[in-house]
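> Structure for this input, please:
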Amino acid sequence: MKPKILKLNIIILLLLLFGAGCEKDDFPPLEDKDLTIIETNSVGCKENLKSTDTDKYVELKAEGENRLRIKFINAYINCAGVDTTYAVIDDGILKVIFFEYTFADCKCNFDVECLIDSVENRTYNLEIYTLSEKPKAKFTFKYSPTLDSKTLISNN
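Sure thing, here's the model as predicted:
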């Protein structure tokens, strides 16, 4: 009787170990590369906002085949807006850089967005930059064709 229980316990243990291994994202590390930006938009300058309308957040939405729309709501940038957007994989991190026009002497809240092509179904570490060496937003997300999320960003 004891050998049967021992065999059953070993089988259950092996099944648990195999099952736990299936839940991980076992993808190779991301290689450094430039990603294609299909479009960039900016809406602003948002003046006279109520304090309840100034929350900063990032919306992520899968669109079409392996495309990711990133909207940074209430990004505090210069009044002239965004000139160019770049997206790169750098040291395993998806970095989105919104380059501002440099000739404005004022700042205000903008909604900026871009659509990135050729995104893989996997987990990403995301950093969003606006004219700074420090990211304005930084978090992890899992891309899938059903992705539709909103992440609140600290005002720090």
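
> List the contacts of the closest residue to residue 62 other than its chain neighbours.
Sequence neighbours aside, residue 147 is the residue nearest to residue 62 in space, at 4.1 Å (criterion: CB to CB, 6 or more residues apart in numbering). C-beta here means a position set from N, CA and C on the backbone, and glycine is covered the same way. When contacts are counted by CB atoms under 8 Å, 6 or more residues apart in numbering, residue 147 is found next to 60, 61, 62, 68, 141.

> So what sits opposite the second one in the bridge?
Translated: residue 61. residue 69, residue 148 (DSSP bridges).

> what packs against the helix or strand containing residue 74?
Here residue 74, judged by DSSP states H and E, is contained in strand 67-78. In terms of contacts (3 or more CB pairs under 8 Å, 6 or more residues apart in numbering; DSSP states H and E), strand 67-78 is packed against strand 37-46, strand 56-63, strand 93-100, strand 107-116, strand 123-130.

> quick one: contacts for the residue positioned nearest the centre of the chain?
By CA atoms, centre = their mean, the chain has its centre lying nearest to residue 126, at 4.2 Å. Remark: with contacts taken as CB under 8 Å, 6+ apart, residue 126 is in contact with 58, 70, 93, 94, 95, 96, 137, 138, 139, 140, 141.
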